[in-house]
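Student: Here you go, sequence then predicted model.
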Amino acid sequence: MHANDTHRKSIGYILWIFGFIGAHRFYYGKPLTGTIWFFTLGLLGIGWIIDFFLIPSMDDQADIRYFAGDIDYSLAFIFLTFLGIFGVHRMYMGKWISGIIYLLTGGIFGLGVLYDLWTLNDQVSMANRVAA
């Protein structure tokens, strides 16, 4: 465990269960491969199985890459995953205006949710840096 422990292996493994759609890869800040996993069902299941063993290193890389702070990456990602179209993850990060816009537009018709899947780790890291 790093002093800058931003992500949790337990959440990574829970998301790995849905890993054939790339959830754990988005969580660990790997949006390109997350998208590939989404469209290929985890490289036809092969990449998904291999990722079970790669999660500890993905977790370590995320801990090094992202900035820890008051906003919890795991909680923000859970909000995005299950309540993204309602903007709850944005409200959690203090982005109230865009959160309300998401609430009224279904996550800007789903496209905003896709954007946030790609960028949430960087958004949280930036917010944590500014607050520090």
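Tutor: Happy to help now that I have it.
Student: Show me how the protein divides into domains.
Tutor: Domain ranges of the chain: 9-65, 73-131, per automatic domain parsing.
Student: for this protein, which residue is closest to the average position?
Tutor: By Cα atoms, centre = their mean, the chain has its centre lying nearest to Tyr27, at 3.2 Å.
Student: for that one, what are its contacts?
Tutor: 7, 11-12, 15, 62, 73-74, 77, 121 (Cβ atoms under 8 Å, 6 or more residues apart in numbering). For glycine as for every other residue, the C-beta is placed from the backbone atoms N, C-alpha and C.
Student: Tell me how far it lies from Leu103.
Tutor: 23 Å (Cβ to Cβ, to the nearest Å).
Student: ok, now Ile46?
Tutor: Separation of Ile46 from Leu103 (Cβ to Cβ) stands at 39 Å.
Student: Compare the two and say which is more crowded by neighbours.
Tutor: Higher neighbour count among Ile46 and Leu103: Leu103, with 16 against 11, using other Cβ atoms under 10 Å.
Student: and the strand or helix carrying the more buried one, how far from the chain's centre?
Tutor: Applying DSSP states H and E as the criterion places Leu103 in helix 96-109. Centre-to-centre, helix 96-109 and its host chain are 18 Å apart (Cα atoms, centre = their mean, to the nearest Å).
Student: After it, heading C-terminal, what element do we hit next?
Tutor: Helix 96-109 is succeeded, C-terminally, by helix 111-131 (DSSP H and E).
Student: That next one packs against which elements?
Tutor: Contacts defined by 3 or more Cβ pairs under 8 Å, 6 or more residues apart in numbering; DSSP states H and E place helix 111-131 against helix 23-27, helix 31-44, helix 46-65, helix 73-83, helix 88-92, helix 96-109.
Student: Tell me which of these sits most buried.
Tutor: Among the helices and strands packed on helix 111-131, helix 23-27 has the highest mean neighbour count (mean count of other Cβ atoms under 10 Å), at a mean of 27.
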